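> only the shape, not the letters, is given here:
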């Protein structure tokens, strides 16, 4: 006796046999497969420490790049202004030589000499420090560390071998930079992470002194001498 031909179930009956629990289980399995591989109860302390260290170094090197760029711009501006002091006073002394008494003439000569000395000092500092090149290397290093940091955050693994590989790549990125950031850059990186206000204030004061003190003195001393001793 031949078996009767089995008729296909209607689409509505087929859908009714797939329970919502099966669908949710499939979705959970897909989501788990796509998620980063992290062992249950695994200790990711080493990875977290490396993430913290890379975050601090990245911020410090970005701060260093910005600080060096600012110092480069201020150095050029200060040299231009101090040179203008020297040229302007020399022209003033030459044009109004008959109307200037002897004491005023000596004062103008002194201020002109100070301006020329400051111009020479600023030019030597700029040539020796090479702020533009240092800023470029710091920015490139910060970008490289930032890329490794984001990769480690996505993996967040507890595998010692994988963490060591990230640490090796991080060390190579840091060592590839021929310069190191300054202490003030590290303090500013810490200040950006919510430290006590006293520490943040001290970091900002050190930053302001490092960036603006020398150029502020070079710009202010010649006119102050001219005004106070006229």
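Looks like it came in fine. This structure is a prediction, so every number in the text was calculated from the model and none was measured. Residues are numbered from 1 along each chain as shown.

> centre of the chain to stretch 180-189, how far?
Distance of stretch 180-189 from the chain centroid (CA atoms, centre = their mean, to the nearest Å) equals 9 Å.

> hmm, who's touching it?
Contact with stretch 180-189 is made by 56-57, 59-61, 63-64, 67, 138, 199, 202-204, 206-207, 210, as judged by CB atoms under 8 Å, 6 or more residues apart in numbering. Using the backbone N, CA and C atoms, a C-beta is placed for each residue, glycine as well.

> which of those residues ranks first by neighbour count?
With neighbours defined as other CB atoms under 10 Å, the most crowded of those is residue 61; it has 29 neighbours.

> and the longest helix out of those in the chain, what's its mean pLDDT?
Scanning the chain for the helix with the most residues, using DSSP state H, yields helix 45-95. Averaged across helix 45-95, the pLDDT comes to 92.

> for stretch 109-123, same thing?
90.

> I'd like to know which elements the longest helix of the chain is packed against.
Secondary-structure packing of helix 45-95 (3 or more CB pairs under 8 Å, 6 or more residues apart in numbering; DSSP states H and E): helix 102-129, helix 131-155, helix 160-175, helix 183-191, helix 197-228.

> output those in CSV, with distance to residue 46 appended to each entry.
Formatted as CSV, the helices and strands packed on helix 45-95 follow (distance: least, CB to CB, whole Å):
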stretch, distance to residue 46
helix 102-129, 38
helix 131-155, 11
helix 160-175, 5
helix 183-191, 22
helix 197-228, 27
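
> can you say which of those helices is packed in most?
Ranked by mean neighbour count, the helices and strands packed on helix 45-95 are led by helix 183-191 with a mean of 20 (mean count of other CB atoms under 10 Å).

> between helix 197-228 and it, find me the angle.
Relative orientation of helix 183-191 versus helix 197-228 (axes from the mean of the first three to the mean of the last three CA atoms, to 10 degrees): 130 degrees.

> find the centremost residue of this protein, please.
residue 62 (1.1 Å; CA atoms, centre = their mean).

> find the nearest non-adjacent residue to it, please.
The shortest distance from residue 62 to any non-neighbouring residue, by CB to CB, 6 or more residues apart in numbering, is to residue 142 (4.6 Å).

> from residue 83, how far off is the one you found?
34 Å (CB to CB, to the nearest Å).

> can you check residue 218 too?
11 Å.

> picking that back up, quick one: which of the contacts of stretch 180-189 is nearest residue 111?
Nearest to residue 111 among those is residue 210, at 27.1 Å by CB to CB.

> list the contacts for that closest one?
Residue 210 sits in contact with 67, 182, 184, where contact means CB under 8 Å, 6+ apart.

> quick one: pLDDT of it?
pLDDT, read off for residue 210, is 94.

> what average pLDDT does stretch 216-230 get?
88.

> should've said stretch 154-171
Averaging pLDDT along stretch 154-171 gives 90.

> how far off centre is that stretch?
23 Å.

> one step back: next up, the contacts around the residue nearest to the centre of the chain.
Contact partners of residue 62, counting by CB under 8 Å, 6+ apart, are 138, 139, 142.

> hmm, try it at 10 Å
Contacts of residue 62 were listed using CB atoms under 10 Å, 6 or more residues apart in numbering, and they are 138, 139, 141, 142, 143, 145, 146, 181, 185, 188, 189, 192.
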